[in-house]
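>>> Provided below for reference: sequence and predicted model.
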Amino acid sequence: MSFNTYTTQALDQRPNVNVQTAGSITMFSVHDWDSVVRNRLAQIGALPQGWDGYGSERIGEDVRWFALQILYSSMTKDQMAPSIVPIAGGGIQLEWHTFKGDIELEISRPNQTELYVAFEDDRPIIEMPLSTDFSELTKALREIA
Amino acid sequence: MILHFPNKPPVRDEELASFAKAPVAEVSLGVQLDGLASYNSLHVASFFELIRSEFPNVEEHGPLDPAYETFGASSNPSSIVFQIPLPFPAGGMQAYQGHRFFFVSADGRRLIQLQKNRLHLNWRKLTGDEEYPRHPTLIEQFALVVDKHSKWCADNNLGLPSPTQWEIVYVNRFGLVAADGAQCGLSDYFPWLSGMEGWTEDGAIQYRHKLLNEDNEPVARLNTSLRYGTNSDESREAVLELLVRGAPPANASLRGCIPALTAGRNIIVNRFADMTSETAHDVWGRV
């Protein structure tokens, strides 16, 4: 596996390394929510221009990849997949609603998101912009999802 | 812009390591971007005209997927995912990016990579004898490419390019031989690997470091990949890839990512020096 694919040749000429891992190991399997999220993001990506009847833009690949990246850096493998909805202007919103509270993360474009957390008890509502550090989302997910 | 590891102070420019014969095989400086709503592949012909005198050869390649560095708190061992592994199912994930074009210099050593949401400048070794042209030269060339790209976007009403990530990668490739030419083990170059008995056949090691900005916020990541093995002539060789990728400063233009790229390069250079041995430094002529 490589971290990038945009180097042009050095990686193609690297020593022929063929590292195989035991097929019986399950500890590093794909996250449980992965396929659900991926399918939903692909569905949203297929929406046409003007999908909402008001001329909204298509939901771009960058926003969808950014959403997936957020989930991989914020969620454990067995947490509940979010509901994912397109929003006007080409963004998407991730939502978790349980009996413990509500979490919504609005993603306008990569690095521009807004977090909203409402707990079922009387703790104050959290509303904050997030760019690259999604630790607050992780904390909220631990409690709610 | 300053980048530093969470447990280390920022590196000052005068503390940067330098090597007379750095084993750099390829360098890539680049940005990911959005905002080019009107872009299509036909526009690329007019970009080619702007750079054709320096980069006269064209190649077409498949598009690169977006890649972002984000930070949370779920890095327990069973949740680590270095790179999102699988393609999206059918649904048009890549349709709008179009192709990725390489515009290659006459000698083949420099190239520009262009796709709707990417712009990169690469330098690469072809024969193995070339001298790495050094970061100040490459960053200056990349800034000129960025300026041409921005002008091209404006002249063709493509939209306003806005960076979403910047990234810099160094690929180092070297034989596992001591200064006297004798074959040696991986731990002779990477002393933190000492303790393994005998020469391992081949392998791959990957790890990541979070990088903080001057306000101690996580904004970038150093991704390290070390692969090694044995070539068909029985020589042993290693490839060390150091990549720093991060979010641009708020409201930055593409050119506004230049200081971040240099900060990323500083991280790479000193990390490279820290993780390699004095034996290796002798081979590479540490200054």
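That came in fine, so what should we check first? Just so it is clear, the structure is predicted and the values come from calculations on it, not from any experiment.

>>> What is the neighbour count of the closest residue to chain A within the stretch 151-287 of chain B?
In the stretch 151-287 of chain B, no residue comes nearer to chain A than B:Gly229, which is 3.2 Å away by CB to the nearest CB. Bear in mind the C-beta positions are built from the backbone N, C-alpha and C, glycine included. If you count neighbours by other CB atoms under 10 Å in any protein chain shown, B:Gly229 ends up with 20.

>>> Shouldn't it be within a helix?
No - assessed by DSSP: H, G, I helix; E, B strand; the rest coil, B:Gly229 does not belong to a helix; its assignment is strand.

>>> Report whether the lengthiest helix in chain A contacts chain B.
Longest helix of chain A, by residue count under DSSP state H: helix A:61-74. Yes - counting by CB under 8 Å from any CB of the partner chain, chain B has neighbours in helix A:61-74: A:61-62, A:64-66, A:68-70, A:72-74.

>>> Packing partners of that helix?
Helices and strands touching helix A:61-74, by 3 or more CB pairs under 8 Å, 6 or more residues apart in numbering or on different chains; DSSP states H and E, are helix A:34-45, strand A:91-98, strand A:101-109, helix A:135-144.

>>> Same list (these) but as TSV, adding mean pLDDT and distance to chain B.
Formatted as TSV, these follow (pLDDT from 0 to 100; distance: least, CB to the nearest CB, whole Å):
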stretch	mean pLDDT	distance to chain B
helix A:34-45	89	3
strand A:91-98	96	12
strand A:101-109	97	6
helix A:135-144	93	4
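
>>> can I get those in JSON lines with mean neighbour count and distance to B:Gln115?
Shown next, in JSON lines, are those (neighbours: other CB atoms under 10 Å in any protein chain shown; distance: least, CB to CB, whole Å):
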{"stretch": "helix A:34-45", "mean neighbour count": "18", "distance to B:Gln115": "17"}
{"stretch": "strand A:91-98", "mean neighbour count": "19", "distance to B:Gln115": "22"}
{"stretch": "strand A:101-109", "mean neighbour count": "19", "distance to B:Gln115": "18"}
{"stretch": "helix A:135-144", "mean neighbour count": "19", "distance to B:Gln115": "30"}
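
>>> low-scoring stretches of chain A, by residue?
A:1-30 (pLDDT under 70).

>>> quick one, phi/psi of B:Arg118?
With angles defined as degrees, to the nearest 10, B:Arg118 sits at phi -140, psi 150.

>>> got the contact list for it?
A:6, B:30-33, B:63-64, B:100 (CB atoms under 8 Å, 6 or more residues apart in numbering or on different chains).

>>> one more time with 7 Å
B:30, B:32, B:64, B:100 (CB atoms under 7 Å, 6 or more residues apart in numbering or on different chains).

>>> Show me the beta-bridge partners of the last one.
Beta-bridge pairing of B:Arg100, defined through DSSP bridges, involves B:His61.

>>> Tell me if I'm right that it and B:Ile112 touch.
No - proximity of B:Arg100 to B:Ile112 does not meet the contact threshold set by CB atoms under 7 Å, at 10.6 Å.

>>> When the two are compared, which one has more neighbours?
A direct count of neighbours by other CB under 10 Å for B:Arg100 and B:Ile112 places B:Ile112 higher, at 24 against 19.

>>> In space, what's closest to that one - neighbours in sequence excluded?
B:Phe103 (4.5 Å; CB to CB, 6 or more residues apart in numbering or on different chains).

>>> Can you name the helix or strand that that neighbour falls in?
Counting by DSSP states H and E, the element that carries B:Phe103 is strand B:100-104.

>>> what about that strand, average pLDDT?
The average pLDDT within strand B:100-104 is 95.

>>> residues in contact with it?
B:44, B:48, B:51, B:55, B:57-64, B:111-115, B:118.

>>> Please point out which parts of it sit buried.
B:100-104 (16 or more other CB atoms under 10 Å in any protein chain shown).

>>> Just the C-alphas of the helix or strand that B:Thr262 is a member of, formatted as PDB.
Under the criterion of DSSP H and E, B:Thr262 resides in helix B:258-275. Once non-C-alpha atoms are left out, helix B:258-275 reads as follows in PDB (Å, rounded to 0.1, in the frame of the first residue of the first chain):
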ATOM      1  CA  ILE B 258       3.700  27.700  -0.800                       C
ATOM      2  CA  PRO B 259       4.800  28.400   2.900                       C
ATOM      3  CA  ALA B 260       3.000  25.300   4.000                       C
ATOM      4  CA  LEU B 261       4.800  23.200   1.400                       C
ATOM      5  CA  THR B 262       8.100  24.600   2.600                       C
ATOM      6  CA  ALA B 263       7.100  23.800   6.200                       C
ATOM      7  CA  GLY B 264       6.300  20.300   5.100                       C
ATOM      8  CA  ARG B 265       9.600  20.000   3.400                       C
ATOM      9  CA  ASN B 266      11.400  21.100   6.600                       C
ATOM     10  CA  ILE B 267       9.600  18.400   8.500                       C
ATOM     11  CA  ILE B 268      10.600  15.800   5.900                       C
ATOM     12  CA  VAL B 269      14.300  16.800   5.800                       C
ATOM     13  CA  ASN B 270      14.800  16.600   9.500                       C
ATOM     14  CA  ARG B 271      12.700  13.500  10.000                       C
ATOM     15  CA  PHE B 272      14.800  11.800   7.300                       C
ATOM     16  CA  ALA B 273      18.000  12.800   9.200                       C
ATOM     17  CA  ASP B 274      16.600  11.800  12.500                       C
ATOM     18  CA  MET B 275      15.500   8.300  11.400                       C
END
